[in-house]
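[1] Okay, sequence plus prediction incoming.
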Amino acid sequence: MKLRGNKTLKGETNVPGDKSISHRGIILGAISNGVTRINNCLISQDTMSTINVLMQLGVDITVDKKNNTVTINGVGQDGLIGTNEDLYCGNSGTTMRLLAGVLCGGKFSSTLTGDESLSKRPMKRITTPLRDMGADISDKDGHPPIRINPGSINSINYKMEVSSAQVKSAILFASLYSKGKSSIIEQHQTRNHTELMLKYFGADIHTNDHRIEINNPNVLVGRDINVPGDISSAAFLIAAALITEDSDITITQVGLNSSRTGIISVLHEMGAIITIEDLDESNVEKSGTLNVMQSYLKGITISGEKTVSVIDEIPILAVLGCFAEGDTIIRDASELRVKESDRLLAIYEGLTLMGGDIELLQDGLIIHGGKKLKGASVSSKGDHRIAMALSIAALAAEGTTVIDDIDCISVSFPNFYNDIGQLIDNSFEISI
């Protein structure tokens, strides 16, 4: 992919349905009683991994790619059917970790596998607490494949050791197959889509500050879901408008869940001109319209709970740091070293090749802003968020940037280049 810099973005657009909400809606729809219809569902490589595994397990799911809708005929919590085949999760850590929680309550054995990248990602963070709940679950030296045999699931009082919504969700899903009350205490609040969705489907679940309690057993009932646009995907378009000359864009129906809007708060702290309009709180998840203009940005420090709230947006925040005045310091982000790539290293290498002045830390980055970026040949490392972050950097850089392996973007934002292109020039279109 070749991208030429010095672009201006104008106009109105939207972004794909939220990936986290789509995954959770599909899974809960599958183990509920009755029909679940998901509108504006993200239909991407990752969510199709979840759908395909559940179909292997006997769930009737219809996918309408044209209208981005998914219809699920739920089989109930005990209705999944075992298979002798491996359950292939592709590149999706969400698929593997969340379904591991569900499968611990199954009456059959199963094996969750993934592609080369997923096979290197840490899984002990879920297998340990699930084993503490009585699950017969094992990993391979802390990594996939994950093997699960039938077991008796007990309730648990668990204090989170890592700030991970996926770990929290795996425990909550496993607890559906236990009796009594399970509690989870988070060090820092992570995205709460699972808690909201469980309550929407009828579970007896309560939250108080960083404590989550779920009383079991529960009977889940299928529901209709309207998925808002993914704010993590919107972050790339927002960033493009902030750092490209005279840009002014509107992004409609973006999810504004309070556990995900840390990116808006951080950008406001950096001086970004972003306004929120048309707030809609009528659905399970809050949404609204974002207006974004080119802005003068200043460097800030992102650490602690603030880092947790923007963990998926750190690569694009690193890009913005290059265009900000002063230093942007990112700490407490070591979790990024075990994502689809080592995201700290990947964004450091890419932006350094483009002329960025950056220091790589064990748990973060220091970006010395104000130095112009120039086109270069850079690598996505096969990571969708790195590919998109470097693409946005290229739009504001001088000259032409060549990015390898852009197919990975289809994991979360299949029409990324088309949507960017239409904001630059309505006649511009690229397929990936």
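    Happy to help now that I have it.
[2] So for the helix or strand harbouring S265, what gets flagged as buried?
    For S265, the element it lies in under DSSP states H and E is helix 262-269. Neighbour-count burial for helix 262-269, with 16 or more other Cβ atoms under 10 Å as criterion, is recorded at G262, I263, I264, V266, L267. Quick note: C-beta positions are derived from backbone N, CA and C, even for glycine.
[3] do stretch 230-249 as well
    For stretch 230-249, a neighbour-count test (16+ other Cβ under 10 Å) marks 230-244, 247, 249 as buried.
[4] Kindly report the same for stretch 285-294.
    Here stretch 285-294 shows E285, K286, S287, G288, T289, L290, V292, Q294 as buried, counting by 16+ other Cβ under 10 Å.
[5] For that stretch, C-alpha coordinates in CSV please.
    Only the C-alpha atoms of stretch 285-294 are listed here, as CSV (Å, rounded to 0.1, in the frame of the first residue of the first chain):
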residue,chain,number,x,y,z
GLU,A,285,-24.8,1.2,24.9
LYS,A,286,-24.7,5.0,24.7
SER,A,287,-23.8,6.6,21.3
GLY,A,288,-23.5,10.0,19.7
THR,A,289,-22.0,12.1,16.9
LEU,A,290,-18.4,13.4,17.0
ASN,A,291,-17.3,16.5,15.2
VAL,A,292,-13.5,16.8,14.8
MET,A,293,-11.3,19.7,13.5
GLN,A,294,-7.6,20.1,12.9
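[6] And the average pLDDT for it is what?
    On average, the pLDDT along stretch 285-294 is 97.
[7] and if you look at stretch 308-316?
    97.
[8] now stretch 208-215
    94.
[9] Pick the one among the buried residues of stretch 285-294 closest to A165.
    E285 (14.1 Å; Cβ to Cβ).
[10] quick one on the thing from earlier: S92: which of the buried residues of helix 262-269 is nearest?
    I263 (22.0 Å).
[11] Just to check, Y348 is in contact with L365?
    Yes. Under the criterion of Cβ atoms under 8 Å, Y348 makes contact with L365 at 6.2 Å.
[12] between those two, which one's more packed in?
    Neighbours were counted for Y348 and for L365 using other Cβ atoms under 10 Å; L365 has more, 26 against 20.
[13] Run through the residues that contact the more buried one.
    Listed by Cβ atoms under 8 Å, 6 or more residues apart in numbering, the contact partners of L365 are A318, G321, T328, I329, I330, A333, L344, I347, Y348, I358, E359.
[14] Same check on V221?
    By Cβ under 8 Å, 6+ apart, V221 lies in contact with S32, N33, G34, F201, G202.
[15] and if you look at R121?
    G93, G114, H143, P144, V338, K339, E340.
[16] any idea how far it lies from M96?
    8 Å (Cβ to Cβ, to the nearest Å).
[17] and for the two, which residues touch both?
    G114, P144.
[18] Closest to T307 out of the contacts of L365?
    Closest approach between those and T307, by Cβ to Cβ: A333, at 5.3 Å.
[19] still on that earlier bit, what's the ChimeraX line that selects buried ones from the contacts of L365?
    Only the buried entries of the contacts of L365 go into this ChimeraX selection, using 16+ other Cβ under 10 Å:
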select :318,321,328,329,330,333,344,347,348,358
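[20] what two of the contacts of L365 are the furthest from one another?
    Between any two of the contacts of L365 (Cβ to Cβ), the greatest distance is 14.6 Å, for I329 and I347.
[21] May I see the contacts of L365 arranged in a markdown table, with distance to N215 and secondary structure as well?
    Shown next, in a markdown table, are the contacts of L365 (distance: Cβ to Cβ, whole Å; DSSP: H, G, I helix; E, B strand; the rest coil):
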| residue | distance to N215 | secondary structure |
| --- | --- | --- |
| A318 | 42 | helix |
| G321 | 45 | helix |
| T328 | 44 | strand |
| I329 | 43 | strand |
| I330 | 39 | strand |
| A333 | 35 | coil |
| L344 | 40 | helix |
| I347 | 42 | helix |
| Y348 | 46 | helix |
| I358 | 48 | strand |
| E359 | 48 | strand |
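[22] buried subset of the contacts of V221?
    Neighbour-count burial (16+ other Cβ under 10 Å) is assigned, among those, to S32, N33, F201, G202.
[23] Could you single out the nearest of those to S391?
    F201 (36.8 Å).
[24] wait, what's in contact with the closest one?
    Residues counted as contacts of F201 (Cβ under 8 Å, 6+ apart) are L28, S32, L220, V221, G222, R223.
[25] correct me, but G151 touches C104?
    Yes. Counting by Cβ under 8 Å, G151 touches C104, with 6.5 Å between them.
[26] So for the two, which sits in the more crowded spot?
    C104 (31 against 19).
[27] nearest residue to that one other than its sequence neighbours?
    Of all residues beyond its chain neighbours, the one nearest C104 is A135 (3.9 Å), with distances taken as Cβ to Cβ, 6 or more residues apart in numbering.
[28] same deal with V227?
    Counting by Cβ to Cβ, 6+ apart, V227 lies nearest to G17, which is 3.8 Å off, once chain neighbours are set aside.
[29] The one you found bridge partners, please.
    When bridges are called by DSSP bridges, G17 pairs up with G229.
[30] how much space is there between it and V167?
    Counting by Cβ to Cβ, the separation of G17 from V167 is 23 Å.
[31] between these two, which one's more packed in?
    G17 (28 against 24).
[32] Please name the residues that touch that one.
    N40, C41, L42, N68, V227, P228, G229, D230.
[33] and which of these is nearest H188?
    D230 (21.1 Å).
[34] for that closest one, phi and psi?
    Note on D230: backbone dihedrals following degrees, to the nearest 10 are phi -80, psi 120.
[35] I'd say it and N40 touch.
    No. The pair D230 / N40 is not scored as a contact, 10.0 Å apart, by Cβ under 8 Å.
[36] Go ahead and confirm K2 touches T400.
    Yes. Counting by Cβ under 8 Å, K2 touches T400, with 5.7 Å between them.
[37] So between these two, which is more surrounded?
    T400 (14 against 10).
[38] Distance check, that one against I329.
    Between T400 and I329 the distance is 31 Å, computed by Cβ to Cβ.
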